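> any chance you can model this:
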Amino acid sequence: MSDDPAAVRDDSPPPVSRFEAWAWAAVFAIVVVAYAVAAAIDAPAWFGFNAFRGVAVDGTTLLWIAGAAAAAVTLAAWQPKRQPPAWVSARVVAVIAAGAAGAAMWAARSNVLNPDGRMFAPKFARDVPALGAFVTHDEMLEFLVHSRLWVYANRWWGWSIEQTYQAASCAGGAVFVYLLFRLARRLAPNAPALFLLGVLGGGYMQLFFGDVENYTLTAVVVTGYLLASHRHLAGEVPLWVPSVTLALAGAFHLLAAWLIPTWLVLCVVEFRRSPRKNDIANSVAAAAAVMAVVLVLVQFYGLPLRNLVSSHAGRALRMQGMFVTGWSSQYYFEQLNLLFLLCPAVLMLIWLAAWNRLTTDVTGVFLAVGGASMLIFQAAWRSQIGVYNDWNLYAIGALVVAVLVWRSIALAATTRSHRLVAAGLAMAALLHSAAWIMANHTHGR
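As a prediction, the model looks like this:
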């Protein structure tokens, strides 16, 4: 199977007009002003913008940050001589970047536990010795993998459940960075550095900094699904590859089922290519087989199939308390803050949609459907432990939206000046997310 991104390169979009460029600059200005104002005032409710308030750095540190930011923006704004440039196509670069990222994630791992994370220790201590794992139908492989990892990490090194989760989170982050490099060369061959800087700048990156929750491994598999789907759209892999990958993501955490609409896009493309083939039926069978195997597997760890009815998914199908009912301005104010914390560039969706930058090709349609589905999930699925405490529940959706946004920006930014504005926005978001991550590492919030 070819791994040449030239086979999947999309037609170049029309250049960014002057008015559109000013609209991009306005978003950058709004974000910077919002961060500055929130850092200057005592407004805990604006947690989507106030991460800089808890940062105290000296002059030397500021100089280092300014230098690194300038270097990153310059790299992101640079016009590559070939598409994609050699560095983003080299697997060794991706491996080195992944290793460095994993080490940095471990060094700055979070020291904050949300209410769910605090309950893992007693549940694991109760079920793992007796059953071999603590498992629920909502997060089958997340719990199963973490349970088995803890068995060996505790036996060999005396690690706690929290330490095991942190190590798995950072290792997953390294894999995520590697996959992101493989995506960058395909989704944004004309500006991969801008794409990488933008996607790495979201608050959802906290998932990979030692988060003790059941979303990190799912996020890695979802990223793999995005890559497999793009390869299918390029005609490089059959439909069963992304189908099985999505089923595997759902086996890790059922929230991945909200990406089923994107799989339907793949099916439509496959049907138009060859309506007489059985690829769609075979892919459904393969995905169903994955879920069936996992359901049988968890039976051996004390999770009978009948418990699926009482899971979050079962309750959702019966419309029992899992969805938002009625209107609460406070709740949606918090959700809006959370959306800007996790995906600071989400405001760009307005301009990208206005200038038809999102769905210019089938890859754009695929990502737009995924982004819309995950935004609906965030709006409709009710947080059970408080919006801020439940940030990681919505992080995967923000990641999908970020890939959509930064892919669209990278393709549209055909001149260095436009990439400079976009890189400035990405850098501002990255620094804000880094401030939040460091706050969680040093003292929590």
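
> which stretches of the chain aren't confidently modelled?
For the chain, the stretches with pLDDT under 70 are 1-13, 58-59, 276, 316-319, 321, 444-445.

> next up, the contacts around the residue positioned nearest the centre of the chain.
Compute the mean C-alpha point of the chain, and by CA atoms, centre = their mean the closest residue is residue 399, 2.8 Å away. Shown in contact with residue 399 (CB atoms under 8 Å, 6 or more residues apart in numbering): 199, 202, 204, 219, 222-223, 343. Quick note: C-beta positions are derived from backbone N, CA and C, even for glycine.

> between the residues you listed, which is nearest residue 164?
Ranked by distance to residue 164 (CB to CB), those are led by residue 219 at 17.7 Å.

> dihedrals phi and psi, the closest residue in space to residue 238 that isn't next to it in sequence?
Counting by CB to CB, 6 or more residues apart in numbering, residue 279 is the residue found nearest to residue 238 once chain neighbours are left out, at 6.0 Å. When read as degrees, to the nearest 10, the backbone of residue 279 gives phi -60, psi -40.

> any idea how far residue 279 is from residue 370?
To residue 370, residue 279 is 21 Å away according to CB to CB, to the nearest Å.

> and what of residue 96?
29 Å.

> ok, these two, which is more surrounded?
Each of residue 96 and residue 370 has its neighbours counted (other CB atoms under 10 Å); residue 370 has more, 26 against 12.

> contacts for the strand or helix carrying that one?
Assessed by DSSP states H and E, residue 370 sits inside helix 362-380. Residues outside helix 362-380 that contact it (CB under 8 Å, 6+ apart) are 8, 10, 187, 226, 229-230, 233, 255, 258-259, 261-262, 264-266, 269, 323-324, 332, 335, 338-339, 349, 358-359, 394, 396-398, 400-401, 403-405, 407-408.

> then that helix to CSV, C-alphas only?
The C-alpha trace of helix 362-380 is given here as CSV (Å, rounded to 0.1, in the frame of the first residue of the first chain):
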residue,chain,number,x,y,z
VAL,A,362,-14.3,14.8,0.2
THR,A,363,-11.7,14.9,3.0
GLY,A,364,-13.2,18.2,4.1
VAL,A,365,-16.7,16.8,4.1
PHE,A,366,-15.5,13.8,6.1
LEU,A,367,-13.9,16.0,8.7
ALA,A,368,-16.7,18.5,8.8
VAL,A,369,-19.3,15.8,9.5
GLY,A,370,-17.0,14.5,12.3
GLY,A,371,-16.6,18.0,13.7
ALA,A,372,-20.3,18.7,13.6
SER,A,373,-21.2,15.4,15.2
MET,A,374,-18.7,15.9,18.1
LEU,A,375,-20.0,19.5,18.6
ILE,A,376,-23.5,18.1,18.9
PHE,A,377,-22.2,15.6,21.4
GLN,A,378,-20.8,18.3,23.5
ALA,A,379,-24.0,20.3,23.4
ALA,A,380,-26.3,17.4,24.0
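
> okay, buried residues for it please.
362-375, 377-378 (16 or more other CB atoms under 10 Å).

> which two of those have the greatest separation?
For those, and using CB to CB, no pair is farther apart than 362 and 378, which are 25.0 Å apart.

> name the helices or strands packed onto the helix or strand hosting residue 330?
Assessed by DSSP H and E, residue 330 sits inside helix 329-342. Where contact means 3 or more CB pairs under 8 Å, 6 or more residues apart in numbering; DSSP states H and E, helix 329-342 is packed against helix 362-380, helix 395-412.

> one more pass at 7 Å, please.
helix 395-412 (3 or more CB pairs under 7 Å, 6 or more residues apart in numbering; DSSP states H and E).
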